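Peer 1: for reference, the sequence and a predicted model appear below.
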Amino acid sequence: MLNIDLEQLLYTVQIDFQTEITKIAGQVFNNTEFQLSARKIGKVHAALVVPQMYLKSLHKDSQNIFDTNLAITFKSNNRAVGNFQVNYLPKINILTISGYYKDGTAYLCYSPAMNPDWYNGKGYKIARPDCIGEKFELLANKFYPFFEECFAV
């Protein structure tokens, strides 16, 4: 297992990391070129990318979010449906994937101990969106173990 921090991930082993996450995304969104950007997210940003209702139901101490979180934005050159953001919060074991669908923004909240949950941009639980639902769930199942290995805590 790798035991690296986010700074090391983004600046020291960035090329290998980017190659791997691009491969994972390409398995679901094939024939798509991505512009990839990654950044650290802290407690305030994490509260914006994880619906509060989900966060509170998962953790009694929902404020226990540290600064070692990762946000990766994929921007497709080919189509808007390929645009999405992946957020990984290793200290609380949550991965979210968000993107646009016909009714606005959808958030997939994934934790290995629970079934995936879907929320809209207002934080209300929704049914899995037809156009992106299956793809995002496949991505979550591939990204989570990869990130878990990279962020071994």
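Peer 2: Cool, the structure landed.

Peer 1: residues near Ala106, how many?
Peer 2: Ala106: 24 surrounding residues under other Cβ atoms under 10 Å. For the C-beta atoms, the positions are set from N, CA and C on the backbone; glycine is no exception.

Peer 1: would you agree it falls within a strand?
Peer 2: Yes: counting by DSSP: H, G, I helix; E, B strand; the rest coil, one finds Ala106 located in a strand.

Peer 1: please shift the residue numbers so they start at 14 in all later answers.
Peer 2: Shifting the count to begin at 14 puts that one at Ala119.

Peer 1: for it, give me its contacts.
Peer 2: Neighbouring residues of Ala119 by Cβ atoms under 8 Å, 6 or more residues apart in numbering: 111-113, 131-134, 139, 142, 145-146, 149.

Peer 1: list the buried residues of the host helix or strand of Tyr157.
Peer 2: Assigned by DSSP states H and E, Tyr157 belongs to helix 146-163. By 16 or more other Cβ atoms under 10 Å, the buried positions in helix 146-163 come out as 146, 148-150, 152-153, 155-157, 160-161, 163.

Peer 1: do stretch 104-122 as well
Peer 2: Residues of stretch 104-122 classed as buried by neighbour count (16+ other Cβ under 10 Å): 105-114, 119-122.
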